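Asker: this one's sequence-less:
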């Protein structure tokens, strides 16, 4: 059940500069948990202190935004690709 | 240190003036290596915050992907973002910090009464606690370097 997780450039320094990593995972949430267990410094950039995916972190399963699927409970199968894409926000 | 030549700095200022009183935003394309970080091109983007564009900006994931493709086509990297602060100093706000990514450079240009002014650049610390000023320098002209936020 190997799933590939593609990391955006700003997160790669926290994952040994890897562009992608593979994990055995049954859901998107499983894969993200494996990711943050393996690279602990990623967690604060992906999740709020109360454990929710940050609003500016977009997670796609094979190019489909998981917000339109079953979010972190979205099932995965071997060969799937999870892509983390930033959105950018700010203001005064 | 972030290298930004005068022509590109002028384009960012012009974008800030053009979109005033709304916040403008765009992508910084460039290089990041042992020799330092340098902006080589810009991708002006549309501020997607229709509800409060005077004090907020938003760049969607799709726009981020567009900027990444533009960078790849030019053999460059997407190294950061710029936005304007209408009638507000060129200092990152708490809202900026809460929504920032590490590694990226964040250029801010102050625009007062439609006139662009101070320009600064910032990097989020790895612990997300604060922004650190990133001195700006114009290409090949270190004498333009400023110690605080890198004014150009």
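Answerer: Yep, that arrived. Fair warning: this is a prediction, and the values are worked out from it, not measured in the lab.
Asker: rest of the way, CA atoms for contacts and neighbours
Answerer: Noted.
Asker: so where do the helices sit in chain A?
Answerer: For chain A, applying DSSP state H gives helices covering A:28-38, A:43-46.
Asker: go on, chain B?
Answerer: Going by DSSP H, chain B shows helices at B:6-19, B:61-73, B:94-98.
Asker: pLDDT (mean, whole number) over the first one?
Answerer: In this model, helix B:6-19 carries a mean pLDDT of 98.
Asker: picking up where we left off before, and of the helices of chain B, who's closest to residue A:63?
Answerer: Of all the helices of chain B, helix B:61-73 sits nearest to residue A:63, with 11.0 Å by Cα to Cα.
Asker: is chain A contacted by the closest one?
Answerer: Yes - contact of helix B:61-73 with chain A is found when judged by Cα under 8 Å from any Cα of the partner chain, involving B:61, B:64, B:65.
Asker: which residues touch that helix?
Answerer: Counting contacts by Cα atoms under 8 Å, 6 or more residues apart in numbering or on different chains, the residues outside helix B:61-73 that touch it are A:58, A:85, A:86, A:87, A:88, B:27, B:29, B:30, B:43, B:45, B:77, B:78.
Asker: any chance of the residues you listed in TSV, plus distance to residue A:74 and pLDDT?
Answerer: As requested, those are exported to TSV (distance: Cα to Cα, whole Å; pLDDT from 0 to 100):
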residue	distance to residue A:74	pLDDT
A:58	14	98
A:85	17	97
A:86	20	97
A:87	21	97
A:88	25	97
B:27	32	98
B:29	34	98
B:30	36	98
B:43	34	98
B:45	32	98
B:77	31	96
B:78	30	97
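Asker: Tell me which two in those are the farthest apart.
Answerer: Farthest pair in the contacts of helix B:61-73, by Cα to Cα: A:58 and B:30, 23.6 Å.
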